[in-house]
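*Asks:* how does the following fold in three dimensions:
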Amino acid sequence: MHGFWTALESLRSMSAVSAEWRELLDEDYEFAGQFLRPQQELANAYPCQRQPNCGCFHEVVEHGPDDFVAICVCRTGMCNPISLRRADIVVHEVAMPELAAAVASALDLTPAFAPSDIARNTLHVGLYYPHEGFRFPIYLSMCLDSNELTNMGAVLTSRNDEPFILLTPTRDLWSDALIFTIDDRKNELLALTDIVEWQDGTLRPRTSVKQVFHRFYESHVLGKVQTSSPQPFLFSADYRWAEIVIRIMDDPDKGLVHIGERQWNIDYHRMGMVDGRTGAPDHQWKLMLALAESNRRISCRNPGDADRFKQPIRRLRKTLRLLFPIPGDPLPFDNEEKAWIAAFDVAYLRSDSQSR
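*Replies:* Numbers count the residues shown, from 1 in each chain. Sure, this is the predicted structure:
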């Protein structure tokens, strides 16, 4: 399926008419066609069908509701007009959720598809759970040139506190700078052409999933599995941070977590927010209490607040991502309010009320 992965690195809009997809995908069209969805949009240009082709796209002219002609407009002008039906110029776009789901299934990931806020050609595919208490995000980036991919790698590295795995369709656009940027934080860079293949119409790993992630596992999990860590809440990956409800009880060491119809009793031990030296609640739990008390906000309007809270907030953000397998930032910073504002619902549950 190399033709499909290569095509993802050659089309910025991830869309084309059927004729262009067939030319790009060649023998992969039969399998890759399941990821192509017709759109309402009609193309205004059509690929040349002459062999050898003239190298330009022909302008589409409408003569009737189902009567179109593609006319060569390049300097050679030697191509005959191409008669087309409406179906011929329907634009087909890659169905990103379906593609992400297929990759997640092949690599035995927890699906967690989300379009990235970084760029249209970068997806959050899923979460890698190699062991209880360990959770790592997986991204798929489909860039058109090496510089764009290198910049994307740098952005992802700067925005992720925890290690991550970056997938690309092929190795063709990898640069020394990209490899250095990813490896510098012991993140992982993998090409789908190296690790997955089509078998009986299904995307599957070329080797065992354990072997695919072996190097990453050794760097970030092996030797640490006995370390005390937060225990992730197990629930459907369809939820968002806004649907997470945390209530702190009158006893400030206990609380409740609501996700949909499910409820868990919690304390700072369950949340992995324990001071290893004393066994008492650590600074993360104290920040949770502060968020509950102050309408989900940690303000830094006073001089020095930003520096004082930066590291504790970063640590709490990492713990929350381990607890809740949801893409996105649980504690984004609001420049207007000069405060970190929890993306989830957190407040006190008073003794006179057992509601959310």
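
*Asks:* could you pull out the helices for the protein?
*Replies:* With DSSP state H as the criterion, the chain has helices at 2-8, 18-25, 29-32, 96-106, 146-159, 176-184, 192-195, 209-212, 214-220, 283-293, 305-323.

*Asks:* same for the first one, what does it pack against?
*Replies:* The helices and strands touching helix 2-8, judged by 3 or more C-beta pairs under 8 Å, 6 or more residues apart in numbering; DSSP states H and E, are helix 18-25, helix 29-32, helix 192-195. Backbone N, C-alpha and C define where each C-beta goes, glycine included.

*Asks:* for those, which one sits closest to residue 249?
*Replies:* The closest of these to residue 249 is helix 192-195. By C-beta to C-beta, the value is 46.4 Å.

*Asks:* CA atoms of the closest one as PDB?
*Replies:* C-alpha atoms of helix 192-195 as PDB (Å, rounded to 0.1, in the frame of the first residue of the first chain):
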ATOM      1  CA  LEU A 192       3.600   3.500   8.300                       C
ATOM      2  CA  THR A 193       5.200   1.900   5.300                       C
ATOM      3  CA  ASP A 194       7.600   0.100   7.700                       C
ATOM      4  CA  ILE A 195       5.200  -1.100  10.300                       C
END
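
*Asks:* would you mind giving the helices and strands packed on helix 2-8 as CSV with mean pLDDT, distance to residue 65 and mean neighbour count added?
*Replies:* As requested, these are exported to CSV (pLDDT from 0 to 100; distance: least, C-beta to C-beta, whole Å; neighbours: other C-beta atoms under 10 Å):
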stretch, mean pLDDT, distance to residue 65, mean neighbour count
helix 18-25, 87, 19, 18
helix 29-32, 80, 28, 16
helix 192-195, 95, 41, 18
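
*Asks:* which of the ones you listed sits closest to residue 184?
*Replies:* Using C-beta to C-beta, the nearest of these to residue 184 is helix 192-195, at 21.3 Å.

*Asks:* how far is that closest one from where the chain is centred?
*Replies:* 18 Å (C-alpha atoms, centre = their mean, to the nearest Å).

*Asks:* what of stretch 256-265?
*Replies:* 25 Å.

*Asks:* give me the contact list for that stretch.
*Replies:* Stretch 256-265 is contacted from outside by 233, 235-236, 239, 243-247, 249, 254-255, 266, 270, 349, 356, using C-beta atoms under 8 Å, 6 or more residues apart in numbering.

*Asks:* buried ones in it?
*Replies:* Using 16 or more other C-beta atoms under 10 Å as the test for burial, stretch 256-265 gives 256, 257, 259.

*Asks:* please export the C-alpha coordinates of that stretch as PDB.
*Replies:* C-alpha atoms of stretch 256-265 as PDB (Å, rounded to 0.1, in the frame of the first residue of the first chain):
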ATOM      1  CA  LEU A 256     -15.800  11.800  43.400                       C
ATOM      2  CA  VAL A 257     -15.200  11.600  39.600                       C
ATOM      3  CA  HIS A 258     -18.200  11.500  37.300                       C
ATOM      4  CA  ILE A 259     -17.800  10.500  33.600                       C
ATOM      5  CA  GLY A 260     -21.200  10.100  31.900                       C
ATOM      6  CA  GLU A 261     -23.200   7.700  34.000                       C
ATOM      7  CA  ARG A 262     -20.100   6.200  35.800                       C
ATOM      8  CA  GLN A 263     -18.800   7.400  39.200                       C
ATOM      9  CA  TRP A 264     -15.600   6.600  41.100                       C
ATOM     10  CA  ASN A 265     -14.600   7.400  44.700                       C
END
